[in-house]
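A.B. asks: sharing a model prediction with you, sequence too.
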Amino acid sequence: MSESKPLPAGVMLQRDKETYAARITPPSGVLTADDLEKMAAVVRKYDIPAVKITSGQRIGFYGLTRDNVHEVCGDMPFRTGGHYVQACPGTEWCKFAHTDAMALADMIENRFGFEPVPAKVKFGISACNFSCGESYIRDIGFIGSPKGWTMIVGGNSGRKPRLGDVVAKQLSTDDALEMTRRFLAFYSENAPEKKRTAHFIEKIGIETVKAELGLEPA
Ligand code: SF4
């Protein structure tokens with residue numbers, strides 16, 4: 001494999017500065033028996049030394065080499081790279097759910113999973129106030145209620161944690177997607193490169209974001 005061939009999206013050099021990790025993104029973290037078998041076959045074929053589930057409902061494959069990283073990613077049943085969309089089981093499975101979290105997560109992933117924005121964006125979708133999808137500590141979060149989706153932006157769980165701000169309530173699923181589009185467009189047009197949403201919002205103020213999005217105070 002040519003050293004000059006760019007690495008697949010989302011592949012990162014590891015601590016040893018020789019091997020790579022690839023993380024695949026099963027939508028909402030849902031896996032079928034076929035998916036599991038395909039992944040097991042890839043692990044055996046390339047003798048991958050470690051597989052780990054990440055906090056964002058992705059699956060990481062560690063210890064890949066420059067020679068096999070493209071083949072490994074090509075053989076996987078899911079994409080690598082892009083933004084991640086974390087979701088709780090929602091009305092599909094959970095007795096507390098008000099909304100279909102996994103359906104909204106699928107729509108967001110399909111529409112915005114590779115949206116070009118200044119920095120990575122993490123989504124957290126929860127179908128009730130228990131917020132198992134960690135909606136308040138993701139760049140964009142949604143929480144289901146009997147009247148629709150509550151939208152939260154600017155959360156972060158990293159080095160400088162920040163709870164996101166509620167910017168809209170009682171959104172239909174279509175409105176949730178439209179608000180997501182508008183927020184990402186505003187973020188893209190106004191935030192410097194590599195500035196995460198939490199720091200961007202702290203700098204400009206959440207009221208500015210709401211005003212720019214044409215939202216009534218939530
Ligand atoms: S957030 Fe609510 S609906 Fe979703 S898994 Fe947790 S308890 Fe269930």
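C.D. replies: Now that the structure is in, tell me what you want to look at. Numbers count the residues shown, from 1 in each chain.

A.B. asks: how about the residues of this protein by the ligand?
C.D. replies: Neighbours of the ligand within the chain, by CB under 6 Å from any ligand atom: 88-90, 94, 96-97, 126-128, 130-132. From N, CA and C alone the C-beta is placed, and that goes for glycine too.

A.B. asks: which PyMOL command selects the buried ones in the residues you listed?
C.D. replies: In PyMOL, a selection of the buried entries from these looks like this (16 or more other CB atoms under 10 Å):
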select buried, resi 88+89+90+94+97+126+127+128+131+132
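
A.B. asks: what's the most distant pair in the residues of the chain next to the ligand?
C.D. replies: P89 and S131 (13.2 Å; CB to CB).

A.B. asks: low pLDDT regions in the chain?
C.D. replies: Within the chain, the segments meeting pLDDT under 70 span 1-3, 215-218.

A.B. asks: next secondary structure element downstream of the longest helix anywhere in the chain?
C.D. replies: Looking across the chain with DSSP state H, the single longest helix is helix 173-190. Stepping forward along the backbone from helix 173-190, the first helix or strand reached (DSSP states H and E) is helix 197-204.

A.B. asks: wait, A101 sits on G144?
C.D. replies: Yes: with contacts counted by CB atoms under 8 Å, A101 reaches G144, the gap being 6.4 Å.

A.B. asks: for stretch 122-134, give me every contacting residue.
C.D. replies: 56, 83-91, 94, 96-102, 104-105, 108, 112, 135-145, 155, 157 (CB atoms under 8 Å, 6 or more residues apart in numbering).

A.B. asks: I meant to write stretch 77-86 there.
C.D. replies: Contacts for stretch 77-86 (CB under 8 Å, 6+ apart): 8-11, 22-29, 34-35, 38-39, 56-58, 73, 105, 108-109, 112-115, 117, 120-125, 133-134, 138.

A.B. asks: okay then, goodbye and thanks.
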